[in-house]
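>>> when you get a sec, could you give me coordinates for this:
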Amino acid sequence: MRKLLPVASFILVLTIAVFLNQQHIAGALPNHTASFVVNQTTFSLDGEARGMDAAPFIEQGRTYIPLRYLAYALGITDDGIIWDGQKQKVTLSTPNGNVITVTVGKAVLTIDGQEQLMDVTPLLIGERVYLPVRWLAEALGYEVGWQEDTATVFVGSPGSIVNKATKTTILPAVGSYENLKDLLTHAQSYSGNYYKRALIDEAFQDLAPQLNTKAESLGSAADTTQAGTDYSKTNTQVAGVDEADIVKTDGIYIYQVNRERVVIAKAQPAEDMAVVSTLDFAGKDFTPLEMCVDEKHLVLIGTTRSPAIQPSYKLENKARIGIIPPYYQNETTRAIIYSVSDKSNPRKLR
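Next comes the predicted model:
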């Protein structure tokens with residue numbers, strides 16, 4: 001019996017150590033989900049696309065995520081992220097008051113002073129620290145999933161990502177002007193195209209007041225109009241910005257780009273559904289591709305073609321077998337604006 005006591009004590013200590021090593025904080029935000037795709041500089045947070053200046057990657061079978069953006073996905077704000085460059089240590093403070101630290105090159109995750117061993121070490125690449133999702137996410141009480149065919153990592157509160165790998169991925173929305181600007185800025189900085197980034201910055205400075213005003217008015221009116229809107233709007237990725245599409249509706253009329261035609265049909269009331277007018281561009285050197293619509297105007301966006309200067313070929317006096325020279329043409333984008341105050345008789349403005 002005395003010989004068994006040391007063995008029993010060892011098993012008890014080992015059990016307690018394992019329990020402490022597997023502890024996690026039950027601090028997951030309810031109904032909170034995020035996803036990261038390998039080699040992409042955007043991630044989805046609660047259905048909204050966000051930009052990153054670094055992309056996830058796979059190393060030895062593990063998916064590494066930029067730690068700062070992983071922290072954002074887990075509800076930690078900028079104020080709760082501290083980087084100690086001298087010690088190469090990141091300290092994360094959760095909204096619940098918990099403190100988590102990770103150090104580059106050390107396979108240890110410290111939660112409120114208690115160390116938890118990991119099977120990987122955080123990596124420092126450039127100016128970003130990377131860590132596989134599972135360790136930090138599960139420490140905060142989140143579940144983690146993986147979709148093999150799209151190389152996507154899912155993070156969510158308990159029960160929110162059940163069968164996620166078999167479900168169709170929903171396209172995240174941009175959400176707001178500020179988020180759109182952030183996405184474009186990160187995309188340009190990642191590609192290193194300074195010229196295009198400068199043009200985007202200049203354009204946003206000119207458009208910012210207009211877009212912000214529209215976004216604010218849309219947000220303030222959402223509560224009063226959402227209940228009364230019983231039709232689906234199309235391709236609305238940014239608040240206050242109605243993007244072009246091949247199908248548009250105002251709730252009563254449906255506008256559709258159909259090959260070389262644009263069809264306007266009255267959809268309400270359903271028993272009186274009928275085509276009220278058609279714009280036919282066959283043989284008119286214009287191919288409509290998408291459109292924008294408001295109460296009075298229809299803007300068609302498409303392409304037009306014109307002959308291009310062809311290279312000269314050296315003429316030979318003798319006949320020979322050869323291929324027909326290719327046809328060269330210029331293709332340009334063209335926009336046509338119509339007045340649709342009278343849906344049965346669209347009138348071209350310019």
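
>>> so how far is Phe286 from the residue lying closest to Ser339 once chain neighbours are set aside?
Closest residue to Ser339 apart from its sequence neighbours, by C-beta to C-beta, 6 or more residues apart in numbering: Arg347 at 4.5 Å. In this view, the C-beta of every residue, glycine as well, is placed from N, C-alpha and C. Between Arg347 and Phe286 the distance is 17 Å, computed by C-beta to C-beta, to the nearest Å.

>>> equivalent analysis for Ile81, please.
52 Å.

>>> tell me which of Arg347 and Phe286 has more neighbours.
Per other C-beta atoms under 10 Å, whichever of Arg347 and Phe286 has more neighbours is Phe286, with 16 against 11.

>>> and that one, what does it touch?
For Phe286, the contacting residues are 302-304, 334, 336, by C-beta atoms under 8 Å, 6 or more residues apart in numbering.

>>> partners of the helix or strand containing Gln256, with directions?
Assigned by DSSP states H and E, Gln256 belongs to strand 253-258. Based on DSSP bridges, the pairing partners of strand 253-258 within the sheet are strand 247-249 (antiparallel), strand 261-266 (antiparallel).

>>> now the ones you listed in a markdown table, with distance to Ile65 and mean neighbour count?
Shown next, in a markdown table, are these (distance: least, C-beta to C-beta, whole Å; neighbours: other C-beta atoms under 10 Å):
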| stretch | distance to Ile65 | mean neighbour count |
| --- | --- | --- |
| strand 247-249 | 37 | 18 |
| strand 261-266 | 45 | 18 |
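
>>> thinking again about what came up before, please identify the buried residues of the strand holding Gln256?
For strand 253-258, the neighbour count (16 or more other C-beta atoms under 10 Å) marks 253-257 as buried.

>>> for the stretch 251-350 of the chain, what spans make up the strands?
Under the criterion DSSP state E, counting those that start in this stretch, the stretch 251-350 of the chain contains strands at 253-258, 261-266, 274-280, 287-293, 297-307, 329-339, 347-348.

>>> surely Tyr349 is in contact with Ile337?
Not quite, residue 349 is Leu, not Tyr. Yes: applying C-beta atoms under 8 Å, one finds Leu349 in contact with Ile337, separated by 4.7 Å.

>>> what do the two both touch?
With C-beta under 8 Å, 6+ apart, Leu349 and Ile337 have common neighbours His297.

>>> how about low-confidence regions in the protein?
Within the chain, the stretches with pLDDT under 70 are 1-28, 162-177, 183-241, 310-317, 322, 325.

>>> domain ranges for it, per the record?
The chain breaks down by automatic domain parsing into domains covering 19-166, 177-226, 247-308+326-348.

>>> so which of those is nearest Ala319?
For those, the distance to Ala319 is smallest for domain 247-308+326-348, at 20.7 Å, taking C-beta to C-beta.

>>> now do the end-to-end distance for that closest one.
20 Å (C-alpha to C-alpha, to the nearest Å).

>>> again, but for stretch 257-266
Stretch 257-266: ends 15 Å apart by C-alpha to C-alpha.

>>> need the contact list for the closest residue to Ile264 other than its chain neighbours.
Nearest residue to Ile264, sequence neighbours excluded (C-beta to C-beta, 6+ apart): Ser277, at 4.8 Å. Counting by C-beta under 8 Å, 6+ apart, Ser277 touches 263-264, 343-346.
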